[in-house]
Each structure stands twice: as structure tokens, then as C-alpha cells.
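Asks: Need coordinates for the below:
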Amino acid sequence: MNTESSIRAAGRTDVGQRRKDNQDQFLIAELRKSMQIHSTSLALDEECMLFGGRSGELLVVADGMGGHAAGRRASNLAVDHLISQLLNNIHWFLHLDEDHDEAFIESLKALLQQTHTKLLAEAQDATEHRGMGTTLTLAYLVWPRMYVVHAGDSRCYLVRDGKCEQLTTDHTLAKQLVDAGGMKPEDEASSRWSNVLWNVLGGHGHNELIAEVRRVELQKNDTVVLCSDGLTRYIDDATLLSIVQQYGDDVDEMADHLIALANGSGGIDNITVVVSRPDGNGRSVRDGDLPRSVPLVQLDDESDLQPDLSESMSLEELQSFANEDTLPDERSKSE
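Replies: Model prediction:
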């Protein structure tokens, strides 16, 4: 039997310096082929579990919103639902190859949509959870590929050979203003609209969920970082790169340092980080180059990624949402 894990990954979550509860969730999981033996004439222990080779690594970060209890419930429910769906459909993950790539991508998008629907249904039935939502960033690593599925403003980074690349897009109004030319990129992080999200799981359900999906080719010595915005409001790309280079394979110390740095800088929000150093002997891309992120959601034009703002609040009304992730619909809520 093989029960040892070879994953080099670490996850940390912290309530921060200002919040009373933690609405973030994370998951690090190893997917394997397995068999539960109930009865056999072979020389095996009864009721034993046999494990085949490791098939993949799953990383998830979710950042809940919608009030203390509702936000915590949203992120918890999202991760729980993902786990149950993955266990029931694990054949996709164990038999992934180039021939099934397109179908696999569709299954990932459907998985996020199912989770979105699950949150909306529970919010409909429970008044105290009305409007609850969560960001969700998922990375599935099956050497030498990585699939990233994303909604919200949690992030996935890839660090390689002195370069740091953000693989996900922040689904915030501030990012839209930057993309439209109405705001300078350097002003995005401090903008009052950097925490106003238009694309999350759950929420008020006025807009259809956009499942952003990307695929990249991995190579040895890559570092993958997933985190909530409680970290990225304090850690820029250069700082993240420096810390990754400082700790190398020591992912536990790396994760601890990142959490401590965010807390030391103010810790205004919950802070969550997952760090992985994937390994493998598969093919690699050209040395020294970051792989080109391949968008797997085909869009007719950039307007397909824009929210329906017909019922959104004015820019002046958005000022009250500067310090906490929220949705444009939450006009009447105070911080």
C-alpha cells in the first residue's frame, strides 16, 4: 500500500488584525486511484485500501462575503460542494489526456456553475444567507499541465526563473476601469472600486457566472501561489517573487512569511495563501520563459466579460465599499 504524499505544498489562513471571524477557506488535495478491498482470497489485509500512483494535485482558495455568517457559509459550502462533485466525477481527473482536454475544460466550467447554483439555492431558502457569495480560485496540476478555474478577485500566480505572472484576472470594477482606460494601472490597488466584485459564486445572481479558465505548461522549479485579496492588497509581484526566491522549496516557511507580512502591514482582511512546488518528469517549455497562459473561455469580444451595470450603483455610491469585498448590489449595507 502507498499512503505517503509527495506533494510539496503548504496552506495557511489567518483572520487578520481587523476581522472577528475568518470567511476564507483553502484546500490542498492529492488525487489518486484507489480501491477499497472488502473481501479477497489474495494475501491482503481485510478492509484494506490500495492506492495507485498519484494522478494530480488540487489547490483551492475561496473568500466568502455577504456578512459574517453568510460569507463563512458561502466559502465553506463552495469548497464542500467542489469536493463532493470531484469525488463523484473523479474519472475525469484520472484519465485526463490531450484527447479529452476540451471535454475536461467543459467539465471544469460546469463544476463552477453547479457550485454557483448551489449557493444561490441555499441563499434563496435561508434569509440570513441572502446574497451570500464567494470568490473561488482552483488550480488542478497534472504534470506538465495546470488548469486554473477562477471567479472573483482571489488570485493564482506562477513564479519561474525570476519572473512572477498573475494567471487570473481580478473581476472587480477597478480592473474594468483600468482595462477601459479610465484608471491608471498603478492606481488600481488603492482604488475605492478594487473591492467591488461583479463576478462571484452566489451573490444576488443578477449576472450569469463567468468561469475564467486557463491552462499553462509547467516545468521543474515552478512555484504556484493561490491567495485571497487579504494578501495581495499588501504584497505586490516584486515582493512575492522575492519571498519565493528566498525560501525555495521550503513552502511552509514561505507561507508563514507571507501571512506574517500581510498581518504586519495592517491585516485589514482575512489572509489565505496556498503555495505549491509541483514536480514531475514531463515535457517543459523553453528554459527561462514563463509559459503563455492559454485562455480557454472563448469570447467574441471583451464586452462578454463585462457585467450588466444597468442596476449598479453610481460611482459616488461605491465609496462606502472601500475596505471589504462586496457586490455592486449591496447598496444598503455598511462596512
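
Asks: Helices of the stretch 51-200 of the chain, start to end?
Replies: 68-88, 91-94, 101-125, 173-179 (DSSP state H, counting those that start in this stretch).

Asks: Any regions of the stretch 101-250 of the chain where pLDDT drops low?
Replies: Within the stretch 101-250 of the chain, the stretches with pLDDT under 70 are 206-207.

Asks: circling back: of the helices of the stretch 51-200 of the chain, which is nearest residue 216?
Replies: Of all those, it is helix 101-125 that lies closest to residue 216, at 13.1 Å by Cβ to Cβ. (Each C-beta comes from the backbone N, C-alpha and C, glycine too.)

Asks: What residues of that closest one count as buried?
Replies: Residues of helix 101-125 classed as buried under the neighbour-count rule (16 or more other Cβ atoms under 10 Å) are 104-105, 108-109, 111-113, 115-116, 118-120, 122-123.

Asks: Check which helices and strands it is in contact with.
Replies: Contacts of helix 101-125 with other secondary structure elements, assessed using 3 or more Cβ pairs under 8 Å, 6 or more residues apart in numbering; DSSP states H and E, are made with helix 68-88, helix 91-94, strand 133-142, strand 145-151, strand 201-202, strand 212-217.

Asks: how about 6 Å then?
Replies: Under the contact definition 3 or more Cβ pairs under 6 Å, 6 or more residues apart in numbering; DSSP states H and E, helix 101-125 sits against helix 68-88, strand 201-202.

Asks: so which of the ones you listed gets nearest residue 257?
Replies: Comparison of those against residue 257 by Cβ to Cβ identifies helix 68-88 as nearest, at 23.9 Å.

Asks: mean confidence score for that closest one?
Replies: Confidence over helix 68-88, taken as the mean pLDDT, stands at 87.

Asks: Please shift the residue numbers so they start at 25 in all later answers.
Replies: Yep, numbering from 25; the last one is helix 92-112 now.

Asks: Output it as PDB - backbone C-alpha positions only.
Replies: Output in PDB follows, covering the C-alpha atoms of helix 92-112 (Å, rounded to 0.1, in the frame of the first residue of the first chain):
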ATOM      1  CA  HIS A  92     -20.100  37.300   8.800                       C
ATOM      2  CA  ALA A  93     -22.200  34.100   9.000                       C
ATOM      3  CA  ALA A  94     -23.200  34.300   5.300                       C
ATOM      4  CA  GLY A  95     -19.600  34.800   4.000                       C
ATOM      5  CA  ARG A  96     -18.200  31.900   6.000                       C
ATOM      6  CA  ARG A  97     -21.100  29.700   4.900                       C
ATOM      7  CA  ALA A  98     -20.600  30.600   1.200                       C
ATOM      8  CA  SER A  99     -16.900  29.800   1.100                       C
ATOM      9  CA  ASN A 100     -17.400  26.600   3.200                       C
ATOM     10  CA  LEU A 101     -20.300  25.400   1.000                       C
ATOM     11  CA  ALA A 102     -18.400  26.100  -2.200                       C
ATOM     12  CA  VAL A 103     -15.400  24.100  -1.200                       C
ATOM     13  CA  ASP A 104     -17.600  21.300   0.300                       C
ATOM     14  CA  HIS A 105     -19.600  21.100  -3.000                       C
ATOM     15  CA  LEU A 106     -16.400  21.000  -5.100                       C
ATOM     16  CA  ILE A 107     -15.100  18.100  -3.000                       C
ATOM     17  CA  SER A 108     -18.200  16.100  -3.300                       C
ATOM     18  CA  GLN A 109     -18.500  16.700  -7.100                       C
ATOM     19  CA  LEU A 110     -14.900  15.800  -7.700                       C
ATOM     20  CA  LEU A 111     -15.200  12.500  -5.800                       C
ATOM     21  CA  ASN A 112     -18.300  11.600  -7.800                       C
END
